[in-house]
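**Student:** Fold the following.
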Amino acid sequence: MALPQKETPGDQWQPGEPYTPVRTPCRFRNPLSKYRVWRDEEKCIRCGKCVEVCPYGVHVKVGKSIPRPRSYLCLGPSCEKNDFFCVAQCPAQALTVCLDPVYPTLGDYRWTADLLLSTWWQAEFGTLPYMDLEYRIGASGGGFDQLRFLFLSEPRDQKLTHDDISLELELNRRGDGRPQIKLSVPWYSAGMSFGSISLNTMLARLRAAVRFNTMMSTGEGGYPEELYPYDDYVITQVATGLFGVREDTIQRVRLVEFKYAQGAKPGLGGHLLGDKVTEAVARMRESVPGSALFSPFPFHSVYSVEDHKKHLDWIKEVNPRTLVAVKVSTPTDVDMVAVGSYYAGAHIVQLDGSYGGTGAAPDIAKKNIAMPVELAIPKVHQFLKAEGIRDQITLIASGGIRTAYDIAKAIALGADGVQVGTAELVALECLRCHHCESGRGCVRGIATTDPELANLMTVEWGERRVANLYYSWAWQLKEILRRLGMRSIRELVGRTDTLVHLDYYKLPVDDDLRR
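**Tutor:** Below you'll find the model as predicted:
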């Protein structure tokens, strides 16, 4: 398959242009991979035969030398059936291919090694991997991992193409005279605050969102001035700690997000350790450098729908052109919470399930308190329909959305769109080491406030990685819709008949999507 080439200095994107993936390689010397190609340097005669036969660029020649194989591009043992299998073609028998010894140590049940590696691949190339990496599901044995799309053997509409399919997401469906906002894709970026992640990470995610005409939430850490050029694509968050909440920043944006609870830690407030509170973070949050910061739970000014409405009315009065989103966790009565938010005047209700959050979210909360998001979505969708108000509110799901298939499944269950977070960090080569909260710590410079670590990643590199992942997701979503015979993502909302659960459906369903 043809892979995108590395960007040249003159290849500059202009706003409004369709996005074209540009190969954005790993920023580290030895990219992690599923398979390892070993070359015995004592046996190798530098004949270049491996360079000649491999069509995937695993072997390259630089002058008279042949550097270490780029193993992450290798098909692995399945290449044995091909005429160009380098091991068989090597006249000196200097090559071997096997499972990379690091591979089994990567990931966890939700973010498996395959899912990490396939996300890195999509972030580098903007395409699906051509080797045997599972890019659709993890291995949790529950949640979205147990749901599958049930496709017909042949698409309903043979003439339907990706160009005929719309992924647009409408955010204001109330007809209240406030501005209409349409995103080009059915997702936007979740809130990760300045202080919890680096400014470079924030800017990379935001600029990728701009490329795809979608949005990014600031999280509860305030609104850094570096984000000002992208005001129309920024969602500013009002959370219980009110860090960095000011009228002038509320007036800058088209969407304000109230965070009443987070699905990864319902009933618990936020906690930013003192080591992460640098002078810049303290200035933004109007606090003291080196002092740990806590967000209480809940808003102590909200104990009824009437109080809730006062909050939303306050924002609407401060900024007449903004829409208001309400982020809640998923208690058993989440359907009543959603109805209350509608009558309080919210345009968007966001259901935040228990699978999301970074390493800062305690397992005891993530695994034992909130309702799984795949149960909350249809519960709220059906209740809003019964109340006759489903078409007047936008329902967003979040909390553990990892793949294009997760996005499609959430929408088929009843959401209008989703909010994504961790997947973007994985695109930036997050290892899922679960130490996001520790000091200034992230060794890959993503969830850190340490300037030296943060500068391990440039904004331009991160922007390209996230944008490439978005491009791959958009392609996959359109392919899912094409196979279901749908011309718009709106047609998929609430279509639970397109899904099956593996606990009740034992026959094999859903084959691979490959370009």
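**Student:** use CA for all of it now, contacts and neighbours both
**Tutor:** OK.
**Student:** OK, contacts around residue 70?
**Tutor:** 37, 57-59 (CA atoms under 8 Å, 6 or more residues apart in numbering).
**Student:** Same question for residue 302.
**Tutor:** Residues near residue 302 by CA under 8 Å, 6+ apart: residue 308.
**Student:** What separation do you get for it and residue 208?
**Tutor:** 35 Å (CA to CA, to the nearest Å).
**Student:** nearest to residue 437, of the contacts of residue 70?
**Tutor:** Among the contacts of residue 70, residue 37 lies closest to residue 437 (CA to CA), at 35.8 Å.
**Student:** Could I get the CA-only coordinates of the helix or strand hosting the closest one as CSV?
**Tutor:** Using DSSP states H and E, residue 37 falls within strand 35-39. Taking Å, rounded to 0.1, in the frame of the first residue of the first chain, the C-alpha atoms of strand 35-39 are listed here in CSV:
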residue,chain,number,x,y,z
TYR,A,35,7.2,-7.9,15.6
ARG,A,36,10.9,-7.6,15.7
VAL,A,37,13.2,-8.2,12.8
TRP,A,38,16.6,-9.2,14.0
ARG,A,39,19.7,-8.9,11.8
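**Student:** Could you identify the helix or strand that succeeds that strand?
**Tutor:** helix 49-53.
**Student:** Show me the contact partners of that following helix.
**Tutor:** 57-61, 84-86, 89-90.
**Student:** mind listing what's buried in it?
**Tutor:** Going by neighbour count (16 or more other CA atoms under 10 Å), the buried part of helix 49-53 is 50-51, 53.
**Student:** again, but for stretch 460-470
**Tutor:** For stretch 460-470, by 16+ other CA under 10 Å, it's 461-470.
**Student:** Residue 25 against residue 124, yeah?
**Tutor:** Yes. Using CA atoms under 8 Å, residue 25 is in contact with residue 124, at 5.4 Å.
**Student:** Comparing those two, which shows the higher neighbour count?
**Tutor:** More neighbours surround residue 124 than the other of residue 25 and residue 124, with 27 against 17 (other CA atoms under 10 Å).
**Student:** What's the per-residue pLDDT of the more buried one here?
**Tutor:** Here, the pLDDT recorded for residue 124 equals 97.
**Student:** ok, how many other residues are close to the residue lying closest to it once chain neighbours are set aside?
**Tutor:** Distance criterion CA to CA, 6 or more residues apart in numbering; nearest residue to residue 124, sequence neighbours excluded, is residue 24 at 4.6 Å. When neighbours are defined as other CA under 10 Å, residue 24 has 23 of them.
**Student:** contacting residues for residue 455?
**Tutor:** Residues near residue 455 by CA under 8 Å, 6+ apart: 200, 445.
**Student:** do you know how far it is from residue 201?
**Tutor:** Distance of residue 455 to residue 201, given as CA to CA: 10 Å.
**Student:** now residue 217
**Tutor:** Distance of residue 217 to residue 201, given as CA to CA: 13 Å.
**Student:** Next up, the contacts around the most centrally placed residue in the chain.
**Tutor:** Centroid-nearest residue in the chain, with CA atoms, centre = their mean: residue 423, separated by 3.3 Å. Applying CA under 8 Å, 6+ apart to residue 423 gives the contacts 119, 401-403.
**Student:** so which pair among the contacts of residue 70 is furthest apart in space?
**Tutor:** 37 and 57 (12.3 Å).
**Student:** So those two - more neighbours on which side?
**Tutor:** The neighbour count for residue 37 versus residue 57, taken as other CA under 10 Å, is higher for residue 37 (23 against 16).
**Student:** Contacts only, for the more buried one.
**Tutor:** 69-71, 74, 95-98.
**Student:** So which of those residues belong to strands?
**Tutor:** The strands, defined by DSSP state E, take in 95-98 from those.
**Student:** Strands of the stretch 201-350 of the chain, residue ranges please.
**Tutor:** 216-217, 234-238, 255-259, 271-272, 293-294, 323-328, 348-352 (DSSP state E, counting those that start in this stretch).
**Student:** Using a markdown table, please lay out those together with mean pLDDT and mean neighbour count.
**Tutor:** As requested, the strands of the stretch 201-350 of the chain are arranged in a markdown table below (pLDDT from 0 to 100; neighbours: other CA atoms under 10 Å):
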| stretch | mean pLDDT | mean neighbour count |
| --- | --- | --- |
| strand 216-217 | 96 | 27 |
| strand 234-238 | 93 | 27 |
| strand 255-259 | 93 | 25 |
| strand 271-272 | 72 | 18 |
| strand 293-294 | 73 | 17 |
| strand 323-328 | 94 | 24 |
| strand 348-352 | 95 | 28 |
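**Student:** Please convert these to JSON lines, extending it with distance to residue 107.
**Tutor:** As requested, these are exported to JSON lines (distance: least, CA to CA, whole Å):
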{"stretch": "strand 216-217", "distance to residue 107": "26"}
{"stretch": "strand 234-238", "distance to residue 107": "30"}
{"stretch": "strand 255-259", "distance to residue 107": "29"}
{"stretch": "strand 271-272", "distance to residue 107": "25"}
{"stretch": "strand 293-294", "distance to residue 107": "30"}
{"stretch": "strand 323-328", "distance to residue 107": "28"}
{"stretch": "strand 348-352", "distance to residue 107": "23"}
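**Student:** Ok, which of the ones you listed comes nearest residue 480?
**Tutor:** Of those, the one closest to residue 480 (CA to CA) turns out to be strand 348-352, at 23.6 Å.
**Student:** May I have the strands that pair with the closest one, each with its orientation?
**Tutor:** strand 323-328 (parallel), strand 394-398 (parallel) (DSSP bridges).
**Student:** how about the ones you listed in CSV, adding distance to residue 173?
**Tutor:** Formatted as CSV, these follow (distance: least, CA to CA, whole Å):
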stretch, distance to residue 173
strand 323-328, 11
strand 394-398, 7
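**Student:** Near the residue nearest to residue 203 when sequence neighbours are not counted, how many other residues are there?
**Tutor:** Closest residue to residue 203 apart from its sequence neighbours, by CA to CA, 6+ apart: residue 459 at 6.3 Å. Look at residue 459: counted by other CA under 10 Å, it has 19 neighbours.
**Student:** Look up the pLDDT of residue 459 for me, please.
**Tutor:** pLDDT, residue 459: 96.
**Student:** ok, now the one 4 residues further on?
**Tutor:** According to the prediction, residue 463 has pLDDT 97.
**Student:** Name the SS class of it, please.
**Tutor:** Residue 463 falls in the helix class when you classify it by DSSP: H, G, I helix; E, B strand; the rest coil.
**Student:** Then the one 4 residues further on?
**Tutor:** Each residue gets one of three states, and residue 467 gets helix by three-state DSSP.
**Student:** and it, how far is that from residue 329?
**Tutor:** Per CA to CA, residue 467 is found 28 Å from residue 329.
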